[in-house]
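[1] Can you look at this prediction? I've put the sequence above it.
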Amino acid sequence: MPKAQETTLEIDLKALKHNYNYLRSKLQNDTQFLAVVKAYSYGHDANVIAKFLQELDVDYFAVAYTSEGIALREAGITKRILVLHPQPAHFKQLIERCLEPSLYNSKVLNEFIAVAEKEGQTDYPIHLKFNTGLNRLGFSEYDVKGIASILNHTKAIGVKSIFSHMAASEDLNEKEFTLTQIETFKAIAKDFTETLGFKPMLHMCNTSGILNYPEAHFDMVRSGIGLYGFGNSEEENQNFQPIGTLKSVISQIHHIKKGETVGYNRAFKANKFQKTATIPIGHADGIGRQYGHGKGAVTINGQCAPIIGNVCMDMIMVNITDIDCNEGDEVIIFGKQPTASEFAQGANTISYEILTAISQRVKRVILE
């Protein structure tokens, strides 16, 4: 791989294909696969990721908001796109771009029907989300008859799927809770089918659900973090390949005398002679101010360089006293080793936050 000459996020499509194939290997042949590409594909590049996965013939995509779905359509994505949290203000745009909304209570269901009818739609595909314990979004298990009453008065929409979301599928200490969620969802599906007289597609599993609860794969599964290289456990992480490597370079090296300080608010004070390196990446690029002061480190020539002082908007400073390096040398923030998950541990957070925080001003480099 070429050495970085600026701050870049390298995206390894070969690793993405590996992760997709590994997750697919856990499924029955007729189980559909939904790729979650919200939040700029977890900070990578939604257009690049979605185009590649479309070539691999994924069945569905999911985004959080309508604007993300519109961007995919404009990039040439033709597969079905589920919008997980659409806002009523965007329902007309959603229909114009053939996006499919997740509807989660009677208010948004009625509002979408009103727009669909106004737009002259018939049997427009919608997805109904049910809450089985996450308590974030979703109809309750007692809402089926009310939903049926609403649906029986319109021909503008058709229910493509009903689904739910696991709250703790990665935590096997919560297995009893997850199994209760699964049973609740099965009961909802049975009630829905008997009440409405047809069986929509069912889906519930996220990445950890795919790995830990094969009995809940149903008709389709949804994967986000797994595609990007993380299995939510040390054991499963061995089966995945992180697709993103965040790199930068050393802009300048300083020789700091005992008693001198580094950075804003003089947050680092040298207790002896030290060398520091300044790197062009900061909290505007996703390296938050929870780092620094000994929390978090980068890798330079295979050695660990702790982040010191306060993280700046566009720069960090690291301790390179014991590292043989020069201005212009490559710096690894995270990638294959250490991973984003390991880098996140330095600030008591998770890979999701680190990845999705990467600014779009960081150059993306695609490795075919």
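    Here it is on my side, so go on. Worth saying up front: this structure is predicted, and the values here are computed from it rather than measured.

[2] so where's the protein uncertain?
    Low-confidence segments of the chain (pLDDT under 70): 1-2.

[3] Go again with 90.
    1-4, 232-234, 294, 346-347, 368 (pLDDT under 90).

[4] where exactly do the helices run in it?
    With DSSP state H as the criterion, the chain has helices at 13-24, 38-43, 46-55, 66-74, 91-96, 106-118, 144-151, 175-196, 207-212, 234-237, 340-345, 351-356.

[5] Show me what the first one is packed against.
    Other elements packing on helix 13-24 under the criterion 3 or more CB pairs under 8 Å, 6 or more residues apart in numbering; DSSP states H and E are strand 32-36, helix 46-55, strand 363-367. Yep, even glycine has a C-beta here, placed from its N, CA and C like the rest.

[6] Please apply the same query to the last one.
    Using 3+ CB pairs under 8 Å, 6+ apart, the elements in contact with helix 351-356 are helix 38-43, helix 340-345.

[7] Point to the residue nearest the middle of the protein.
    Tyr42 (3.7 Å; CA atoms, centre = their mean).

[8] Could you pull up the contacting residues of that one?
    Contacts of Tyr42 were listed using CB atoms under 8 Å, 6 or more residues apart in numbering, and they are 36, 224-225, 228, 352, 355-356.

[9] Likewise for Ala89?
    Taking CB under 8 Å, 6+ apart, one finds nothing in contact with Ala89.

[10] ok, now how distant is it from Val115?
    Distance, Ala89 to Val115, by CB to CB, to the nearest Å: 10 Å.

[11] buried set for stretch 303-311?
    305-311 (16 or more other CB atoms under 10 Å).

[12] Can you pick out the most distant pair from those?
    Ala305 and Asn310 (16.4 Å; CB to CB).

[13] Ile162 bridge partners, please.
    Applying DSSP bridges to Ile162 yields these beta-bridge partners: Leu128, Leu202.

[14] for it, what are its contacts?
    127-130, 188-189, 192, 200-202.

[15] ok, now how distant is it from Lys107?
    18 Å.

[16] And for Lys295?
    With CB to CB as the criterion, Lys295 and Lys107 are 43 Å apart.

[17] just Leu227 next, same as before
    Leu227 is 33 Å from Lys107, by CB to CB.

[18] More neighbours: these two, which one.
    Leu227 (27 against 10; other CB atoms under 10 Å).

[19] The residue nearest to that one when sequence neighbours are not counted - how many residues pack around it?
    The shortest distance from Leu227 to any residue other than its chain neighbours is 5.2 Å, reached at Asn19 (CB to CB, 6 or more residues apart in numbering). The number of residues packed near Asn19 is 24, by other CB under 10 Å.

[20] Could you do Tyr142 as well?
    9.

[21] Please enumerate the strands of the stretch 201-350 of the chain.
    Along the stretch 201-350 of the chain, counting by DSSP state E, counting those that start in this stretch, strands occupy 201-203, 220-223, 244-249, 252-256, 261-262, 268-269, 274-279, 297-300, 303-308, 316-319, 330-334.

[22] Distance to Ser67 added to these, as TSV?
    Shown next, in TSV, are the strands of the stretch 201-350 of the chain (distance: least, CB to CB, whole Å):
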stretch	distance to Ser67
strand 201-203	23
strand 220-223	20
strand 244-249	23
strand 252-256	39
strand 261-262	40
strand 268-269	41
strand 274-279	32
strand 297-300	33
strand 303-308	34
strand 316-319	31
strand 330-334	28
